[in-house]
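Participant: Take a look and give me a structure for this.
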Amino acid sequence: MELAEIAEQARIERSPQLDAVVSRRVMAGRLVAGLLQGLLLYGLYRAATANAWPSGQHYLFVPLIFVGVLLPPLFISAIGHLDTRRTAVWTCVAACIMIALAVHDVWRGGAGPQLWPLGVEGHVRMPSGLLFFSGAGFFYIAQALALSAAADGRRIAGYASYFELSWKLIIQLEFSALFVGALWLVLWMGASLFMLVGLDFLKELLLRPWFVVPVSCFAFSCAMHITDVRPAIVRGIRTLLLVLLSWILPVAALIVDGFLVTLIFTGLYHLWQTRFAATLLLGSDALLVVLINAAFQSGEAADVAPLVRLSARVAAVLLLPLTAIAMYALALRVGHYGWTSERVIAAACLLVASCYAAGYAWAACRPGAWLAAIAKVNRATAFVILALLLALFTPLADPARLSVNDQMARLDSGKVSASKFDFTYLKFEGARYGRAALEQLRTRTQGADAARVRKSAGLALQQDSRQQNDLATVADIDVAANLAVWPTGAALPEEFLSQDWRVGTRRYQLPTCLTQRGVGCDAFVMDINLDGEAEVLVMQAGQLPVVLGSGPDGKWRLVGTLPFAAASCAPLVRELKAGQFQLIAPRAQDLQIAGQRVTINASEMSVDFCAAIKLASKPAQ
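Facilitator: All right, here's what the predicted structure looks like:
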């Protein structure tokens, strides 16, 4: 008997009066939980913006944020499905896990400072985005397992219960979020209507955090309750969604099969050149797993079309080669460059993908009922995912710890030289483990490159942002060696050559010949401003041409740019090198408003200037 039929039969056997009382209590509990969540989050927001307690207490503030966001939805979905004792126990267990994960997130230091500029006078530390995303996935799976076990009255529930409750929960969450969005759309429409008659009270109300945060949380809890007490609606949406997805499966299976056949003739070279092959292949794995389960559903559907059944079997087998190629791609990257946090996470994802791939291939090859073994694979893999997430977000398998240990081993063994070692990775991606490693390297006295290592580690520790990564390079950049100066015989100012272009807020706009060694550019010395002081036009193929000028403080800075295509226009560069250009007045003058100069950026005509220059530079016939 289906879980839905059992629940319906139990509902019929209960008295209507008892159902009404229980429903009212459950509704009240959910609404109160939503309101308390809103008040808690608003209080934390106020503390952050005012730099008041407990925003400065990271080991208290971060867990409160994490628990305040994730725990109420768990309680709301549990109440009414678990008895009072089990609800309290499960809520406390989930809260303890959340607190432990958040405390570890603060302790490890995260990837960078993780400081959000919410306060007027300072910053506040927030849980990392990866922790929020992974934590939501962890507790979604755990909630589905807990509710299914309670519904079946045993620790490991039947697959039908897992299927029913996991899909119900995800649809509840999605439609509750949609409900909150629709509510705010209506409220802003109302505010706009009142503004038409000169009343802005509703607009002002909608801009107040004390109104926005509690109302959003309260509306979300309302939507969770409504979708929970209307299971037929949720079941209908789920059925329609899964049927539609199942008919995408034949297309996906055909595309993946064609891709794998094509690899036989093209080889893997082009795949490796993308540098994100493992990520793309993992995404394809995930898509196939979702589509296969959309066709499989609870495993009891008898009306699945033959084409969908065949496509599900084929797709289940295709997971194996996709996962194997992804593992090979990751192994190549690790072999060349070692482990990083991203590669450790990718390895964890590949472990999960391997469970699905091996299990689904086994299910596809078994005779009898179609893919029946998928139920066992899904159940087992769910527990594997929970274990992996717990390991990754605790010191047991912290990606930062594993990657820092591996990078340090590569440096110590000589697999990577000190001149090519990425010290800034330790500072900004290695969390507390990387910073501790840099402190050790800063005092290193053993080895032929000890001096270089000490200097590089010290420079990395002094960096405030990842954009200054080139500062950790010991050898200075010889800008003069990178630049070919035009016109012939011209010389670049000494201040231009001695300036460290790796430092500055607009460094990302500069050609790489100013910030890296061994990269060539053309530099044209000309007085563009007609002020008697030379400016320098720097052009590098494939990058934005820039005009650099000296300011009142003697520092050179970016003062203008040319169209991006100019650097790749060979006739234009040739004419510049030959000195065949003139300085002309701009098409539009600037505005001066209240003593302030406002520049008008004149829009160019839609003319292919490169083709026009090429035509004009041709010798007369």
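Participant: The nearest residue to Thr279 once chain neighbours are set aside: what's it in contact with?
Facilitator: Spatial nearest neighbour of Thr279, chain neighbours left out: Ala346 (7.1 Å); criterion: Cβ to Cβ, 6 or more residues apart in numbering. C-beta coordinates here come from the backbone N, C-alpha and C atoms, glycine included. By Cβ atoms under 8 Å, 6 or more residues apart in numbering, the contact list for Ala346 reads 278-279, 282, 330.
Participant: ok, of those residues, which one's closest to Gly137?
Facilitator: Leu282 (14.9 Å; Cβ to Cβ).
Participant: before we move on, the earlier item: ok, of the contacts of Ala346, which come out buried?
Facilitator: Buried by 16 or more other Cβ atoms under 10 Å: 278-279, 282, 330, out of those.
Participant: Can you give me the domain assignment for this structure?
Facilitator: 3-239, 247-392, 399-472, 479-581 (automatic domain parsing).
Participant: could you dump the buried ones among the contacts of Ala346 to TSV with pLDDT, secondary structure and distance to Trp339?
Facilitator: Formatted as TSV, those follow (pLDDT from 0 to 100; DSSP: H, G, I helix; E, B strand; the rest coil; distance: Cβ to Cβ, whole Å):
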residue	pLDDT	secondary structure	distance to Trp339
Ala278	88	helix	13
Thr279	89	helix	16
Leu282	94	helix	17
Leu330	93	helix	10
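Participant: and the residues you listed as CSV, adding distance to Phe265?
Facilitator: Shown next, in CSV, are the buried ones among the contacts of Ala346 (distance: Cβ to Cβ, whole Å):
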residue, distance to Phe265
Ala278, 22
Thr279, 24
Leu282, 24
Leu330, 24
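Participant: Among those, which one sits closest to Ala375?
Facilitator: Leu282 (23.3 Å).
Participant: My read is that the closest one contacts Leu351, right?
Facilitator: No. With contact defined as Cβ atoms under 8 Å, Leu282 does not reach Leu351; the gap is 11.1 Å.
Participant: Check the offset of the longest helix that the chain contains from the chain's centre.
Facilitator: Longest helix in the chain, counting residues (DSSP state H): helix 159-196. The chain centre lies 23 Å from the centre of helix 159-196; the measure is Cα atoms, centre = their mean, to the nearest Å.
Participant: Which strands or helices does that helix pack on?
Facilitator: Counting contacts by 3 or more Cβ pairs under 8 Å, 6 or more residues apart in numbering; DSSP states H and E, helix 159-196 is packed against helix 3-13, helix 58-78, helix 129-152, helix 201-206, helix 209-229, helix 231-246, helix 374-392.
Participant: Pick the most deeply packed of the ones you listed.
Facilitator: Scoring those by mean neighbour count under mean count of other Cβ atoms under 10 Å gives helix 58-78 as the most buried, with a mean of 21.
Participant: packing partners for that one?
Facilitator: Packed against helix 58-78, as judged by 3+ Cβ pairs under 8 Å, 6+ apart, are the following elements: helix 16-49, helix 84-108, strand 124-125, helix 129-152, helix 159-196, helix 209-229.
Participant: From Asn293, how far out is Leu241?
Facilitator: Leu241 sits 12 Å away from Asn293, taking Cβ to Cβ, to the nearest Å as the criterion.
Participant: for Leu562, same thing?
Facilitator: Leu562 is 54 Å from Asn293, by Cβ to Cβ.
Participant: The two: who's more crowded?
Facilitator: Asn293 (24 against 16; other Cβ atoms under 10 Å).
Participant: pLDDT score assigned to the more buried one?
Facilitator: The model reports Asn293 with a pLDDT of 94.
Participant: Which strand or helix spans it?
Facilitator: Taking DSSP states H and E as the definition, Asn293 sits inside helix 277-296.
Participant: With Arg444 instead?
Facilitator: Using DSSP H and E, Arg444 falls within no helix or strand.
Participant: returning to that earlier point: got the buried residues for the longest helix of the chain?
Facilitator: Result for helix 159-196 [16+ other Cβ under 10 Å]: buried residues 159-169, 171-173, 175-176, 179-180, 183, 187, 191.
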